[in-house]
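A.B. asks: 3D, please:
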Amino acid sequence: MDALPLLLIRIRRTTLTALTSLASANRLATYGLLSLLLALSAVAHAWRQYANFYSAAVFLSRSAGSVLALANLGFFCTLVFGRVMQTIFFGPLRPSEVERLYDRIWYFLTESLLAFTIFRDSFDPPFVLSFGLLLFLKSFHWLLQDRVEWMDQVPYPGPGWGFHVRVGVLFGLLGSADVVLLSWAVAEVLEEGVGGVVLFGNEYAILIATLLNLILRYSIVTYDIRRASRRGGENAPPWQDKSMWIFYTELLTDFLKLLTYLLFFLLILTTHGLPLNIIREVYLTARSFVTRVRDLIRYRSATRDMDARFPDATDAQLGGDRVCIICRDEMHARAAPAIPAQPAQQAPAAHQAQDGPNMTPKTLPCGHIFHFQCLRSWLERQQSCPTWYVLFSVFCT
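C.D. replies: Model (predicted):
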């Protein structure tokens, strides 16, 4: 009897999802039909006005209404092509991915309005087409970023081989498009001078840095999955250095983005004036890079010789409170090393013990006790005592 309400709830949710998808498809089909009829009516009107093809084409290119109708049809065709590509490479999008995609597109469009004021002299149909192509490619970069982050959250054994094939092909397609379009923008700037094309050159350079970040993160997660497959699968010990490799990846990406933004900022400042559209991006990227470098220096200083510098906690020090406040797991004092009877047979077991994380309780100079690995993971995010938030530099020098 209890299973019947759950079954009804699942049926209702499935029905609502199907109806929502059908309504979305119907809206797209209706929009496409209206766009096609509007474009055909514009072409028919031009053909009635002028009997030959050349005169009708000139009329269509000079009539504002005809250009708008044809541009609307082109937008619909681009939307359909993007939906097909999304279905091939990503399949159905999760609600969080759709929400984040809409937010990013809206923010990018509003931010681009400031850039259009700087390059208003270059605002023409080719500029609009180039901007549409840029937005199209950025959307797939954003979706790919969400999928790589999702891949890191999938438990062992991770996504199937089809996911890796699609991601690999998408890496190649997006990387090739970014490099080709960046080369085109650089060639245009060198030939025609600093104009609206430099905006696209900056954006494609940022996309290349972002794609490099995604490739590195994907490689790290893939290596972690393969490493776990060689060490027991779901029961494999966690990879202790994974978070640091991701940290270095983010640091490299921030450095590349900062160089790109500074070059673009100085170039526009000397030719067109203050570029208001990227002041926020320059500030945020610079602050992120400086913060990461400072955290890395503090982390290296705090974790230098941690095992030898911080003494192991004894049973007397642990007392009745044995819970590590970082992982909420119970702490146990390290057992005294015993002399093995058969060293040759005990060597493999010792090697396996070293393969996992070091969960030995460590006593800090402030008196608080934490697992060694928990403390190390905490210091990767912030360099302070987890209990009373005093910087490690105060008592770790």
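A.B. asks: Helices of the protein, residue ranges please.
C.D. replies: Applying DSSP state H to the chain gives helices spanning 3-49, 53-62, 64-89, 95-118, 125-153, 161-192, 197-229, 242-271, 279-302, 306-309, 315-318, 343-355, 372-381, 392-395.
A.B. asks: Quick one: mean pLDDT over the first one.
C.D. replies: In this case it means helix 3-49. Per-residue pLDDT over helix 3-49 has a mean of 67.
A.B. asks: Also stretch 327-342?
C.D. replies: Here the average pLDDT along stretch 327-342 is 65.
A.B. asks: Give the buried residues for stretch 109-121.
C.D. replies: Neighbour counts over stretch 109-121 (16 or more other C-beta atoms under 10 Å) mark Ala115, Phe116, Ile118, Phe119 as buried. C-beta coordinates here come from the backbone N, C-alpha and C atoms, glycine included.
A.B. asks: related to what we said a few turns ago, do you know which of the helices of the chain lies nearest His332?
C.D. replies: Closest to His332 of these is helix 315-318 (C-beta to C-beta; 8.0 Å).
A.B. asks: residues making contact with the closest one?
C.D. replies: For helix 315-318, contacts defined as C-beta atoms under 8 Å, 6 or more residues apart in numbering pick out Met331, His332, Ala333, Pro361, Thr363, Ile369.
A.B. asks: now with 6 Å?
C.D. replies: With C-beta atoms under 6 Å, 6 or more residues apart in numbering as the test, helix 315-318 has contacts from Ala333.
A.B. asks: Of the helices of the chain, which shows the lowest average pLDDT?
C.D. replies: Among these, helix 343-355 scores lowest, at a mean of 44.
A.B. asks: Outline the domain layout of the protein.
C.D. replies: Annotated domains of the chain cover 21-89, 94-302, 310-333+357-395 [automatic domain parsing].
A.B. asks: Relative to Glu111, how far out is the residue nearest to the spatial centre of the chain?
C.D. replies: Nearest to the geometric centre of the chain sits Gln145, at 3.5 Å (C-alpha atoms, centre = their mean). Distance check for Gln145 against Glu111: by C-beta to C-beta, to the nearest Å, it reads 18 Å.
A.B. asks: now swap in Ala64 and tell me
C.D. replies: Going from Ala64 to Glu111 by C-beta to C-beta gives 27 Å.
A.B. asks: do His368 as well
C.D. replies: 45 Å.
A.B. asks: again with Ala46
C.D. replies: Distance from Ala46 to Glu111, by C-beta to C-beta: 37 Å.
A.B. asks: returning to what we had before: leaving aside the residues next to it on the chain, what's closest to the residue nearest to the centre of the chain?
C.D. replies: Closest residue to Gln145 in three dimensions, ignoring its sequence neighbours and counting by C-beta to C-beta, 6 or more residues apart in numbering: Leu214, at 5.9 Å.
A.B. asks: Who are the contact partners of the residue of the chain positioned farthest from its centre?
C.D. replies: Distance from the C-alpha centroid of the chain, by C-alpha atoms, centre = their mean, peaks at Ala51 (53.6 Å). Residues in contact with Ala51, defined by C-beta under 6 Å, 6+ apart, are absent; none qualify.
A.B. asks: How much space separates it from Gly172?
C.D. replies: In this view, Ala51 and Gly172 are 48 Å apart by C-beta to C-beta.
A.B. asks: What of Gly91?
C.D. replies: 19 Å.
A.B. asks: Kindly report the same for Arg120.
C.D. replies: Distance, Arg120 to Gly172, using C-beta to C-beta: 36 Å.
A.B. asks: Determine which of the helices of the chain approaches Cys324 most closely.
C.D. replies: With C-beta to C-beta as the measure, helix 372-381 is the member of these nearest Cys324 (5.5 Å).
A.B. asks: got the angle for the closest one vs helix 279-302?
C.D. replies: Helix 372-381 and helix 279-302 are oriented at 150 degrees to each other (axes from the mean of the first three to the mean of the last three C-alpha atoms, to 10 degrees).
A.B. asks: hey, C-alpha coordinates of helix 372-381 in CSV?
C.D. replies: Only the C-alpha atoms of helix 372-381 are listed here, as CSV (Å, rounded to 0.1, in the frame of the first residue of the first chain):
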residue,chain,number,x,y,z
PHE,A,372,46.8,14.9,9.9
GLN,A,373,45.0,14.6,6.5
CYS,A,374,42.0,16.6,7.6
LEU,A,375,44.3,19.4,8.8
ARG,A,376,46.3,19.3,5.5
SER,A,377,43.0,19.5,3.5
TRP,A,378,41.8,22.4,5.6
LEU,A,379,45.1,24.3,5.0
GLU,A,380,44.5,24.0,1.3
ARG,A,381,41.5,26.2,1.7
